[in-house]
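In: 3D, please:
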Amino acid sequence: MQRLSIFVDGNNMFYAQQKNGWFFDPKRVLEFFLKVDGDFSLVNAFWYTGLKDPQDQRGFRDALISLGYTVRTKVLKEYYDDNSGRYSQKANLDIEIVVDMFNTVEQYDRVVLFSGDGDFERAIELLRSKNTHITVVSTEGMIARELRNATDRYLDLNDVREYIEKMEVYH
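Out: Next up, the predicted model:
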């Protein structure tokens, strides 16, 4: 049985989902990747997200935890963009993702990384050198060429939409 770890760059995926015009369901993501390729056991699922303040997204984070995700957060920092003349907020969690990937590397055989960030290229290359199979999930226009080239398998969110899309629930 292959051991699987999932790493979700929450902020990167928020923008990818916004671009696509639909959102995925964290529970359906876990179910899909456990079923899609055969016989897997999920050893870890991590979700990384930036927060406006410590109470931000409290309900969502609690729901993720109840589904089995380990949630890592960082408070957003404000940056001034000289080009646009505007302030923007960013919580860069790349280092936390890479630390968790390498800190748990003995626990898994396969990784699914939800991110399009090219900063992960070197980490992915190193993990592949340890015979880890890497799948990167992102979307066209938001996947860095370097990351796409470094991975074993690239999945576009739109290609798996029917399996992972958040279904509207009406009461």
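In: which residues touch the lengthiest strand in the chain?
Out: Longest strand in the chain, counting residues (DSSP state E): strand 40-51. With contact meaning Cβ atoms under 8 Å, 6 or more residues apart in numbering, strand 40-51 is reached by 1-11, 26, 30, 33-34, 57, 61, 64, 67-76, 89-91, 93, 96-97, 100, 104, 107-108, 110. C-betas here are computed from N, CA, C, even on glycine.
In: now do stretch 112-130
Out: In contact with stretch 112-130 (Cβ under 8 Å, 6+ apart) are residues 4-9, 12-13, 16, 29, 33, 94, 97-98, 101-102, 105, 111, 134-139, 142-147, 149-152.
In: ok, of these, which come out buried?
Out: Buried subset of the contacts of stretch 112-130 (neighbour count, 16 or more other Cβ atoms under 10 Å): 4-9, 12-13, 16, 29, 33, 97-98, 101, 111, 134-139, 142-144, 146-147, 150-151.
In: Just these: which are in helices?
Out: 12, 13, 16, 29, 33, 97, 98, 101, 146, 147, 150 (DSSP state H).
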